[in-house]
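# fold the following, please.
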Amino acid sequence: VVTLSLLMYPLLRSLALQLHSAITGSYVSGTHSIAFINCLNEQIAKDIARAIMDKKLAAYVNILPKSSALYFWKGELEESTEILLLVKTRTSKIGELSNYVRSIHPFEIPEIISLPIDQGNPLYLKWIEESVPGD
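Below you'll find the predicted structure:
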């Protein structure tokens, strides 16, 4: 019973948030998220962004220009330039987005992290909701 409850929690939470939003007309904090995905170069970034959009896993993807990065990889300090994707989507799609990006990304361990959106322009958040199919 406990295992089933834990497995059902994301679905039940999602339904409860949708019901609350529909009844009150207000935004529920955390319903949407921004995912950060690093890419080696602009072409890879564009290819991944387009693939995400083709799968309807996001409403909007920003492709930010080159930035310098310092990181440890296999015990060594590395320095590189990267392109960053900012992906706006439903929080409920983050797991599917992450799995999909890992399957197409050339990095052995791509950066795919997300932060929930606390507040924002209600019309923009509604647009994200309408642009990304629900579960």
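
# wait, what's in contact with residue 96?
The contact partners of residue 96, by C-beta atoms under 8 Å, 6 or more residues apart in numbering, come to residue 57. For the C-beta atoms, the positions are set from N, CA and C on the backbone; glycine is no exception.

# ok, then the element right after the strand or helix carrying it?
Residue 96 is located in helix 94-104, with elements delineated by DSSP states H and E. As assigned by DSSP H and E, the chain's next helix or strand after helix 94-104 is strand 112-116.

# so which helix or strand takes in residue 47?
helix 42-54.

# how about residue 46: what's its closest non-neighbour residue?
residue 63 (6.5 Å; C-beta to C-beta, 6 or more residues apart in numbering).

# before we move on, back to that, CA atoms of the helix holding residue 47 as PDB?
The C-alpha trace of helix 42-54 is given here as PDB (Å, rounded to 0.1, in the frame of the first residue of the first chain):
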ATOM      1  CA  GLU A  42      25.500  26.200 -31.100                       C
ATOM      2  CA  GLN A  43      24.600  23.500 -33.600                       C
ATOM      3  CA  ILE A  44      24.200  20.800 -30.900                       C
ATOM      4  CA  ALA A  45      22.200  23.300 -28.900                       C
ATOM      5  CA  LYS A  46      19.900  24.100 -31.800                       C
ATOM      6  CA  ASP A  47      19.500  20.400 -32.600                       C
ATOM      7  CA  ILE A  48      18.600  19.500 -29.000                       C
ATOM      8  CA  ALA A  49      16.200  22.500 -28.700                       C
ATOM      9  CA  ARG A  50      14.400  21.500 -31.900                       C
ATOM     10  CA  ALA A  51      14.100  17.900 -30.800                       C
ATOM     11  CA  ILE A  52      12.600  19.000 -27.500                       C
ATOM     12  CA  MET A  53      10.100  21.200 -29.300                       C
ATOM     13  CA  ASP A  54       9.300  18.500 -31.800                       C
END
